[in-house]
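Student: only geometry, no sequence info:
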């Protein structure tokens, strides 16, 4: 039975619950917008990285380089899309 | 077909490795798709017109349920893949079934949430904010719905054909998709709900 629950994945799950709890503090505690957004950005991106490495086995085979390059490419386009839009539409720069 | 026994079954042929890499490229495109939805949402989130604001309609309880359900389902599908790699077909099917049940429960809570929004006067046509919100949440929800049926067919195929290089490859790719949906939800949870309720 215990071989069905590898330590790496169980710890990954516990850690992801922990990150969710930390993210929830922005709702339950009173804090500034900047502090709240900082917490959310940090917890969300760690959480995403955790899923990628622990659960999606991104670095396991010889395709590791291609997989990470592709994910980072997608991520860069995503960040440019989101922050470019914010710059032009919201922050008026 | 050359089978490399040093690798897990789902990677064992050249074709299998290529299919997994191909699916990662698809996921890269999905990241960009959701980025455009988030960019739209962030642009329109304060354009509430005469409709309600996010702070008025968001409720922490259903959102917490959805988050826990999806996080746990991502964990169980990971356990399913682990069981598959050590050749335990029964355990794998059990973990996959739990995953799909959790996914179904997630969809149940999300549908309940949408019905509540509409009752509170926040339909998809109410304001720019509700349109962007429901489109983003809806796109994620449609992905989960699709994933539910995909996973169901994978389970049926593995019951019928057992663990072969083909079926394990399909199951592994499904698990990538399911984890990805969890990642997207983390961003929805953080930057739509928690940010909106802060």
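Tutor: That came through fine. Source: prediction; values computed, not measured.

Student: Show me the helices in chain A, by range?
Tutor: Using DSSP state H, the helices of chain A run over A:7-28, A:33-50, A:64-85.

Student: Could I get the full set of helices for chain B?
Tutor: Ranges of helices in chain B, per DSSP H, are B:14-44, B:54-57, B:60-85, B:89-119, B:128-161, B:165-188, B:195-197.

Student: residues near the closest residue to residue B:74 other than its chain neighbours, how many?
Tutor: Distances taken as C-beta to C-beta, 6 or more residues apart in numbering or on different chains place residue B:182 nearest to residue B:74, at 3.9 Å, with adjacent residues excluded. For glycine as for every other residue, the C-beta is placed from the backbone atoms N, C-alpha and C. Counted by other C-beta atoms under 10 Å in any protein chain shown, the residues lying close to residue B:182 total 24.

Student: who touches residue B:182 in this structure?
Tutor: Neighbouring residues of residue B:182 by C-beta atoms under 8 Å, 6 or more residues apart in numbering or on different chains: A:51, B:70-71, B:73-74.

Student: What ranges in chain B fall below the confidence cut-off?
Tutor: Across chain B, the ranges flagged by pLDDT under 70 are B:1-3.

Student: how much space between the residue nearest to residue B:74 and residue B:70?
Tutor: 5 Å (C-beta to C-beta, to the nearest Å).

Student: same check, this time on residue A:11
Tutor: Distance, residue A:11 to residue B:70, by C-beta to C-beta: 19 Å.

Student: higher neighbour count, the two?
Tutor: Each of residue A:11 and residue B:70 has its neighbours counted (other C-beta under 10 Å); residue B:70 has more, 27 against 11.

Student: Can you pull the domain assignment for chain A?
Tutor: Domain segmentation of chain A under automatic domain parsing yields A:1-56, A:61-93.

Student: got these as CSV, with distance to chain B and mean pLDDT columns?
Tutor: Below are the domains of chain A laid out as CSV (distance: least, C-beta to the nearest C-beta, whole Å; pLDDT from 0 to 100):
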stretch, distance to chain B, mean pLDDT
domain A:1-56, 4, 90
domain A:61-93, 3, 91
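
Student: To residue B:37, which of these lies closest?
Tutor: Residue B:37 lies closest, by C-beta to C-beta, to one member of the domains of chain A: domain A:61-93, at 9.8 Å.

Student: how many neighbours does the closest residue to residue B:28 other than its chain neighbours have?
Tutor: With sequence-adjacent residues excluded and distances taken as C-beta to C-beta, 6+ apart, residue B:28 is closest to residue A:74, at 3.4 Å. When neighbours are defined as other C-beta under 10 Å, residue A:74 has 21 of them.
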